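>>> Predicted model and sequence below, questions to follow.
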Number of protein chains: 2
Amino acid sequence: MSVIRNIFTSRPEKGGNFFVTVKKIIGFKPINITHYEEAFTHRSMALQDKKGNAFNYERLEFLGDAMLGAVIAAYLFDEVGKGDEGYLTKMRSKVVSREHLNELGRDLGLLGLVKSAIPKENFGANIHGNLFEALVGAIYQDRGYRYARKFINKRVIDPYVDIEKLEGRVISYKSLLIEWCQKEKRLFDFDTYEDSGQDVVRHFSVRLSIDGKQVAKARATSKKKAEEKAAKRAYYVFQNKIDVHRFN
Amino acid sequence: MSVIRNIFTSRPEKGGNFFVTVKKIIGFKPINITHYEEAFTHRSMALQDKKGNAFNYERLEFLGDAMLGAVIAAYLFDEVGKGDEGYLTKMRSKVVSREHLNELGRDLGLLGLVKSAIPKENFGANIHGNLFEALVGAIYQDRGYRYARKFINKRVIDPYVDIEKLEGRVISYKSLLIEWCQKEKRLFDFDTYEDSGQDVVRHFSVRLSIDGKQVAKARATSKKKAEEKAAKRAYYVFQNKIDVHRFN
């Protein structure tokens, strides 16, 4: 295994070594870094572990997919009281859609960590989501279900999962808020700027003011997401005054 | 919720009340019995919880299915070193097949615990598996992932999951052993008898002797399963002498 270790630690990523980068991405300390090395090894490296089994991210994808399914199911079970089995299944498939997982993996810059013997341009479009799943699998192997859930909460549920939106009751909080401001003749201002700080991922912050008074702040991995988040917070401030459009 | 509680505790099942029966089935103490009541309530009872949400096993099925998927995935990931993602997926679908889940639910006698306003004969063929999934969901809600895994290990993996068989390398340990005995001119005897003990489920025990000497004992929920288990144990005793037939 020392060969694998060396491949990883000898290539510093974004100003730190592999361990430090993984720690930043997952938000806690890896215990056995080998699991993460497996999650970022492409099959083209043709590596094997000591038992002679293939050492690459493909099997961890299977595990991570299952853990994502379980954690999201438990979350939806608690949060969506009204839905039956079929409805919950449909909501989960929106959360863990290929498109969404690709976005998550891309935002975290997971591709930059991959060791591959073939050019990364040759990977398919789903590489980002596959790596994201593999990372979840690695966390489960390393630290168990509780930490896998912690990571999924931090990187999937908290920033992206919005029951109102999943249920189609709200399409965009930003447009909801703008419409309301126009109707009420109020002035709104989204003051958006790059604010990556110490984060491994590029981030943006927004200060949202209405009639010159700051009502919400938010930070996310794109301008659009940060503005949406701030608008959502403002929506909750003005909740009694804004009507939720029901589209379904 | 007290209405629901009363429905359950007032109908003793198999010599104990609902709580005692559930405890026997799951192998540890329920903390909040309401989750198990939900797992054994049919929609025809038209019950609601205090939030006005439907109170029946259907949503718990969704949760249990996800937890089963995760626990079996983690088990196979560790045990089947050689398989790739597709292979692991195929093996998991054998373990959690509808047929297998129905068998598990039937063996545990889960149908006997159900409260329903319609005759149980009207339930479809998959009721047993659905109840089994709902029970797993209830355990997760009540005691978390660790206990759900513990239950799945005890009731699914330990008694039924056999990597050699799943991989198609061994179809039946009993026939393997019998063939070997015939070839080697040895006398074998499966001494099988009912042995339910304190268990909620009917059980059988087997003493397997070869040339008059007891070589293995086993206990399971059917004669066939108990004999297969004993034969498997004997197989491991004689491992160096018996050739595994490779069917794939």
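Received the coordinates, thanks.
>>> For A:Phe132, grab the count of nearby residues.
Residues near A:Phe132, counting by other C-beta atoms under 10 Å in any protein chain shown, number 28. Where C-beta positions appear, they are placed from N, C-alpha and C, glycine not excepted.
>>> same question, the one 4 residues further on
Each residue near A:Val136 was counted by other C-beta under 10 Å, and the total is 29.
>>> From chain B, how far out is it?
11 Å (C-beta to the nearest C-beta, to the nearest Å).
>>> That residue sits in which helix or strand?
Element membership for A:Val136 (DSSP states H and E) is helix A:127-143.
>>> Quickly find the element holding the residue lying farthest from the centre of chain A.
Centroid-distance maximum for chain A: A:Lys185 at 36.3 Å, with C-alpha atoms, centre = their mean. Under the criterion DSSP H and E, no helix or strand holds A:Lys185.
>>> hmm, which helix or strand of chain A has the shakiest average pLDDT?
Lowest on mean pLDDT, DSSP states H and E among the helices and strands of chain A sits helix A:2-9, with a mean of 54.
>>> Following the chain onward from it, which element is next?
helix A:18-26.
>>> top helix in chain A by residue count?
Of all segments of type helix in chain A, defined using DSSP state H, the longest is helix A:58-79.
>>> does any part of the helix or strand following that one sit near chain B?
Counting by DSSP H and E, the next helix or strand C-terminal to helix A:58-79 is helix A:85-95. Yes. Helix A:85-95 reaches chain B (C-beta under 8 Å from any C-beta of the partner chain) through A:85, A:88-89.
>>> just stretch A:164-183 next, same as before
No. Stretch A:164-183 lies out of reach of chain B by C-beta under 8 Å from any C-beta, never closer than 14.5 Å.
>>> pLDDT (mean, whole number) over that stretch?
Stretch A:164-183 carries an average pLDDT of 78.
>>> What's the end-to-end length of it?
Distance between the two ends of stretch A:164-183: 22 Å, counting by C-alpha to C-alpha, to the nearest Å.
>>> Show me which positions of it end up buried.
Neighbour-count burial for stretch A:164-183, counted by 16 or more other C-beta atoms under 10 Å in any protein chain shown, picks out A:165-167, A:170, A:172-174, A:176-177, A:180-181.
>>> Please settle this for me: is A:Leu208 part of a helix?
No. Assignment of A:Leu208 by DSSP: H, G, I helix; E, B strand; the rest coil gives strand, placing it outside any helix.
>>> That one reaches A:Glu228, doesn't it?
No. Contact criterion C-beta atoms under 8 Å: A:Leu208 and A:Glu228 do not qualify, at 10.6 Å.
>>> Which of the two has more residues huddled nearby?
Taking A:Leu208 and A:Glu228 together and counting by other C-beta under 10 Å, A:Leu208 has the greater number of neighbours (24 against 21).
>>> residue contacts, the closest residue in space to A:Glu58 that isn't next to it in sequence?
Nearest in space to A:Glu58, with sequence neighbours left out and distances taken as C-beta to C-beta, 6 or more residues apart in numbering or on different chains, is B:Glu85 at 4.9 Å. Contact analysis of B:Glu85 by C-beta atoms under 8 Å, 6 or more residues apart in numbering or on different chains lists A:58-59, A:61-62.
>>> Can you tell me which of the buried residues of stretch A:164-183 lies closest to B:Asp142?
A:Leu166 (26.2 Å; C-beta to C-beta).
>>> pretty sure that closest one contacts A:Arg92?
No. A:Leu166 is not in contact with A:Arg92 according to C-beta under 8 Å; the separation is 9.3 Å.
>>> From B:Asp142, how far out is the closest residue to A:Phe77 other than its chain neighbours?
Nearest residue to A:Phe77, sequence neighbours excluded (C-beta to C-beta, 6+ apart): B:Leu63, at 4.8 Å. Distance of B:Leu63 to B:Asp142, given as C-beta to C-beta, to the nearest Å: 11 Å.
>>> before we move on, back to that, show the pLDDT at the residue nearest to A:Glu58.
86.
>>> and A:Lys217, backbone torsions?
phi -130, psi 150 (degrees, to the nearest 10).
>>> I figured it hits A:Leu208, correct?
Yes. The criterion here is C-beta under 8 Å, and A:Lys217 meets it with A:Leu208 at 7.3 Å.
>>> which residue sits closest to A:Gln48, ignoring its sequence neighbours?
A:Phe55 (5.5 Å).
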